[in-house]
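Novice: Mind looking at a prediction? Sequence and model below.
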Amino acid sequence: MAARNAADLPRSIVPLTLPAAPDTRSLAAFRAACPAVLARPDRSGLTRPEDWATPCEAAQSATSPTAFFSAHFTAVRLGDGKGFATGYFEPEIAASRTPGPGYATPLYRRPPDLVEADLGLFRPEWRGRTLRGQIKGQKITPYPTRKAIAEGALAGQRLELAWAADANAAFFLEIQGSGRLRLPDGTIMRIGYDSQNGRDYVAIGRVLRDQGKLEPPISMSSILDWLRSHPVEAPAIRAANPSQIFFRELTGLSPEQGPIGALGHPLTPRVSAAVDPAFTPYGAPLLVTRPGEPVMLQIAADTGGAIRGPGRIDMFRGPSPLDSGAAASEAGNLASSIDITLLLPNAAAARLQDKAR
């Protein structure tokens, strides 16, 4: 039977070897995670809220990431420590708050009839799984697909948050989960993930490959180029991904801050990472090594629809225009196998060792 969470996987204590010069923002990113990890259950089964009390208190006055993480965390390998990494970023695209010539693709707010059910409340083996749909009569039914929404399933409900200039750019902004909308007057509107229609994510790059329309290596850039050069076929390809993301406007953020992650605070470029919380505790520091590169220290602060399973990680690289920019380029080139080590609070690691004896 497949592992339901990290508690079902073999674990081993390994030497803790931090980067020679870890990003100093890692301490601030960890501090920002503390209010959430001290208050919420850990779906991975590896930690308890009280395990974080000592490191969170010490983090308030810590100045050296190396000294802090070395003193308060134990390195733990789940399974063989192998995983897979990708990158994501906060794309900037052209949009308008109102529809008009050149702005025809809606970006939607969360619909009021979208309901969520925590399946873990019904069966322990379903812990961490969420059902999304809508109530019809006395039953929860699936929410409309991307195709149905594009064909008008939400029309007339005044759910449009903004209108994008390019349907393909809007599609990729959804995949990234947040974005910066460059409005006609030059100002920037920030939007972030608010919910999803409950449909499984389907990678359209794989669809294009399977249909013989694109050959590997396939990237965001090559997919975007194909969609733009095939405007008649593009809607059907986009619709092959039935998942639809709903947004909310983000206010009060400085340009230097990232979007709001799953823990409710701004993400830190090059430090924050999205994980599967069933296998990686939120707030946990992670040591990630890509082939031929130095180890990177990341903080688990977000999640995503395609981030599933042990060792799966998506590293946030920062803001960037969709079609250019360092963050977009770097995010697109991060996909690779990795070695990953989880850092657990000493109290949690000690308890896990006691259980293993």
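Specialist: That came in fine, so what should we check first?

Novice: any idea which element residue 287 lies in?
Specialist: Following DSSP states H and E, one finds residue 287 within strand 285-289.

Novice: And the contacts of that strand?
Specialist: 17-19, 26, 30, 69, 73, 75, 83, 85, 273, 275, 280, 295-300, 313, 315, 338-343 (CB atoms under 8 Å, 6 or more residues apart in numbering). In this view, the C-beta of every residue, glycine as well, is placed from N, C-alpha and C.

Novice: From the residues you listed, which land in strands?
Specialist: Counting by DSSP state E, the part of the contacts of strand 285-289 found in strands is 73, 75, 83, 85, 273, 275, 296-300, 313, 315, 338-343.

Novice: Drop anything exposed from the contacts of strand 285-289.
Specialist: Among the contacts of strand 285-289, the ones that count as buried by 16 or more other CB atoms under 10 Å are 18-19, 26, 30, 69, 73, 75, 83, 85, 273, 275, 280, 295-300, 313, 315, 338-343.

Novice: Next, the buried residues of the longest helix anywhere in the chain.
Specialist: Scanning the chain for the helix with the most residues, using DSSP state H, yields helix 25-37. Of the residues in helix 25-37, 25, 26, 27, 29, 30, 31, 32, 33, 34, 36, 37 count as buried by neighbour count, 16+ other CB under 10 Å.

Novice: just stretch 151-170 next, same as before
Specialist: Buried, per 16+ other CB under 10 Å, within stretch 151-170: 153-154, 159-170.

Novice: which one of the residues you listed sits closest to residue 94?
Specialist: residue 165 (4.0 Å; CB to CB).

Novice: Isn't the closest one up against residue 93?
Specialist: Yes. With contact defined as CB atoms under 8 Å, residue 165 counts as touching residue 93 (7.2 Å).

Novice: So what sits opposite the closest residue to residue 311 other than its chain neighbours in the bridge?
Specialist: Leaving aside its chain neighbours, residue 311 sits nearest to residue 83 (2.4 Å; criterion: CB to CB, 6 or more residues apart in numbering). Taking DSSP bridges as the rule, residue 83 bridges to residue 338.

Novice: contacting residues around residue 83?
Specialist: 288, 310, 311, 312, 313, 337, 338, 339, 340.

Novice: before we move on, back to that, which strands or helices does the longest helix of the chain pack on?
Specialist: helix 53-59, helix 65-72, strand 296-302 (3 or more CB pairs under 8 Å, 6 or more residues apart in numbering; DSSP states H and E).

Novice: In TSV: those, plus distance to residue 205 and mean pLDDT.
Specialist: Below are the helices and strands packed on helix 25-37 laid out as TSV (distance: least, CB to CB, whole Å; pLDDT from 0 to 100):
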stretch	distance to residue 205	mean pLDDT
helix 53-59	39	98
helix 65-72	36	97
strand 296-302	22	97
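
Novice: Comparing the ones you listed, which comes out most buried?
Specialist: Of the helices and strands packed on helix 25-37, the one with the most neighbours on average (mean count of other CB atoms under 10 Å) is strand 296-302, at a mean of 26.

Novice: Now do that strand against strand 285-289, angle only.
Specialist: 130 degrees (axes from the mean of the first three to the mean of the last three CA atoms, to 10 degrees).

Novice: Given strand 296-302, what are its sheet partners and their directions?
Specialist: strand 272-275 (parallel), strand 285-289 (antiparallel).

Novice: That strand relative to helix 25-37, how many degrees between them?
Specialist: Using the same axes, to 10 degrees: strand 296-302 against helix 25-37 is 30 degrees.

Novice: Please report how far residue 12 lies from residue 288.
Specialist: 18 Å (CB to CB, to the nearest Å).

Novice: higher neighbour count, the two?
Specialist: Legend: neighbour count by other CB atoms under 10 Å for residue 12 and residue 288, higher for residue 288 (20 against 14).
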